[in-house]
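Enquirer: Generate a structure from the sequence data that follows.
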Amino acid sequence: MTVYLVGAGPGDPGLLTVRGAEVLAAADVVVYDRLSVASLLELAPAGAERISVGKTPRGPSFPQSDINALLVDKGRAGLEVVRLKGGDPFVFARGAEEAEALGAAGVPFEVVPGVTSAAAVPAYAGVPLTARGRATSFTVVTGHQEPGAASETDWEALAGVGGTIVVVMGVATRAAVARRLLAGGLAPETPVASVQWGTRPDQRTVRTTLQGLASAEIDPPAVIVIGEVAELDLAWYERRPLFGRTVVVTRPASSRGALSARLQRLGAATVELPVVEVADPADGGAALRAAAGSVASYDWVVFTSANAVTRFLPLLRDARSFGTARVAAIGPGTAAALAEHRLVADLVPERFVAESLLATFPSPPPGGGRVLLPRAAVAREVLPEGLRAAGWHVDVVEAYRTRPATAAPAVIEAAGTADAVTFTSASTVTGFLEVAGRRALPPVVVCIGPVTAATARRHGITVDAEAAVHTLDGLIDALVAALG
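Expert: From the prediction side, this is the model:
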């Protein structure tokens, strides 16, 4: 049993350390605060207990003594406990108090340092804490009004130290801080940069001067940088193409991560609303297993989705099971799923739709040939009908079913306030309407290809953009253009 005091970083989930991710993945219990990123909780096992002990400014707070007692109780129960804290657990985060309580109770603990907001947040705003000719040092201080904090800090002396002053938890006391720094000799025109919700998609930077700090429109949580370096504007995070935008991702939970991660790298916030879920075939997979057992008797195996690949290939001993059968993939996403199993598709059409695959598919050999098509239970008949018309014998086998998922009301509400929604298949369109309803549609709708777009239009949805290349990258390009 161990209690891990883990620094979650300032907000961007990508700033969690490797060690932090390791202990989260093995946690029995996760105790987290308000500044911890919700998506980090997904790194913990599905069965792990998740306990919020967040503190809110001027609102209800979980007493620190109760948090200490909770950690001791969970640790004594023989559980692997992760105390997930914003920033670094030993930098203005009361990690020392929690460690003392655990040590006094004889509960083993480990400190997993995190990226502190004092350094990361200014960096994400393009404000270096040191810069040649401007600052050769920086001081980090809390503005929080508690014994031992702002009320006992010698701000007048700090004003004479030189270098950069970084104030965390100082929004409420910024007027007093500014007044005392001015009294200590700092010039009224000293540059100030305040960064709210730093490293997150809703990051907001306010630039002012020391004289104007008291009246500046700043809300917590914020990191305030005071000094010459605050005059520099080396912004990069806030200039990403989707910064400040919120996008709804409708892919199934098993495959939404790739799209969400790419959108987040471009600055977007994402609303995870998987509107369909992948389920076993109606016969429990009996027909699929039988087809896998005789796959070598076919001339071609055609995959029209990554889901079909992941359902079919585990039923084979290895790639030799295909014998002389060749493999076709409808697009690069499906081909990539094959590549994960060390299989290279023999045929991928230039346009990633059934019509294009039909146009490039070879003629059957003399006497006819056989095609195996493992696919979703409900799908267009264009491909099997076209192959049969060309002279092929086609066996269509149900590899999986899609069905509407369920979503929490809060997620549906968040979708309705987003800037855009992405649809990656016809089933995500119909699933969205069933799960969330038309009222939850954001103002911009982007589809991955013509089949998906046609489904949306058939349901009376205006499609604002359609990917020219029917891949996730093409979808993102169309989204950036539509929101630009």
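Enquirer: Run through who's touching stretch 124-138.
Expert: For stretch 124-138, contacts defined as Cβ atoms under 8 Å, 6 or more residues apart in numbering pick out 10, 12, 119, 122, 161-166, 193, 195, 198-199, 203, 205, 225, 227-238. Bear in mind the C-beta positions are built from the backbone N, C-alpha and C, glycine included.
Enquirer: So which of those belong to strands?
Expert: T164, I165, V166, A193, V195, T205, V225 (DSSP state E).
Enquirer: wait, what's in contact with the nearest residue in space to the fourth one that is not next to it in sequence?
Expert: By the measure of Cβ to Cβ, 6 or more residues apart in numbering, the closest residue to A193 outside its immediate chain neighbours is A230, 4.0 Å from it. Contact analysis of A230 by Cβ under 8 Å, 6+ apart lists V127, T164, T190, P191, V192, A193, R207.
Enquirer: what do you get if the cut-off is 6 Å, keeping everything else the same?
Expert: A230 is in contact with V127, P191, V192, A193, counting by Cβ atoms under 6 Å, 6 or more residues apart in numbering.
Enquirer: ditto for T190
Expert: With Cβ under 6 Å, 6+ apart, T190 has these contacts: L210.
Enquirer: Send me the helix or strand containing V396 as PDB with only the CA atoms.
Expert: Here V396 sits within strand 392-404, counting by DSSP states H and E. What follows is strand 392-404, C-alpha atoms only, in PDB (Å, rounded to 0.1, in the frame of the first residue of the first chain):
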ATOM      1  CA  TRP A 392     -17.700 -11.900 -57.700                       C
ATOM      2  CA  HIS A 393     -19.400 -14.200 -55.200                       C
ATOM      3  CA  VAL A 394     -19.600 -12.200 -52.000                       C
ATOM      4  CA  ASP A 395     -20.100 -13.400 -48.500                       C
ATOM      5  CA  VAL A 396     -21.100 -10.600 -46.100                       C
ATOM      6  CA  VAL A 397     -20.500 -11.500 -42.500                       C
ATOM      7  CA  GLU A 398     -21.600  -9.400 -39.500                       C
ATOM      8  CA  ALA A 399     -18.500  -8.400 -37.600                       C
ATOM      9  CA  TYR A 400     -20.100  -6.000 -35.100                       C
ATOM     10  CA  ARG A 401     -23.100  -3.900 -34.500                       C
ATOM     11  CA  THR A 402     -23.400  -0.200 -33.600                       C
ATOM     12  CA  ARG A 403     -26.000   1.100 -31.300                       C
ATOM     13  CA  PRO A 404     -26.800   4.400 -29.600                       C
END
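Enquirer: Please could you give me each C-alpha atom of the helix or strand just after that strand, formatted as PDB?
Expert: Using DSSP H and E, the helix or strand that follows strand 392-404 in sequence is helix 409-416. Only the C-alpha atoms of helix 409-416 are listed here, as PDB (Å, rounded to 0.1, in the frame of the first residue of the first chain):
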ATOM      1  CA  PRO A 409     -27.200  15.500 -19.500                       C
ATOM      2  CA  ALA A 410     -24.200  17.800 -18.600                       C
ATOM      3  CA  VAL A 411     -22.300  16.400 -21.600                       C
ATOM      4  CA  ILE A 412     -25.300  17.000 -23.900                       C
ATOM      5  CA  GLU A 413     -25.600  20.500 -22.600                       C
ATOM      6  CA  ALA A 414     -21.900  21.200 -23.200                       C
ATOM      7  CA  ALA A 415     -22.300  19.900 -26.800                       C
ATOM      8  CA  GLY A 416     -25.000  22.500 -27.400                       C
END
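Enquirer: same question for helix 409-416, mean pLDDT?
Expert: Mean pLDDT, computed over helix 409-416, is 94.
Enquirer: Repeat that for stretch 329-340.
Expert: 90.
Enquirer: go on, stretch 300-309?
Expert: pLDDT averaged over stretch 300-309 gives 94.
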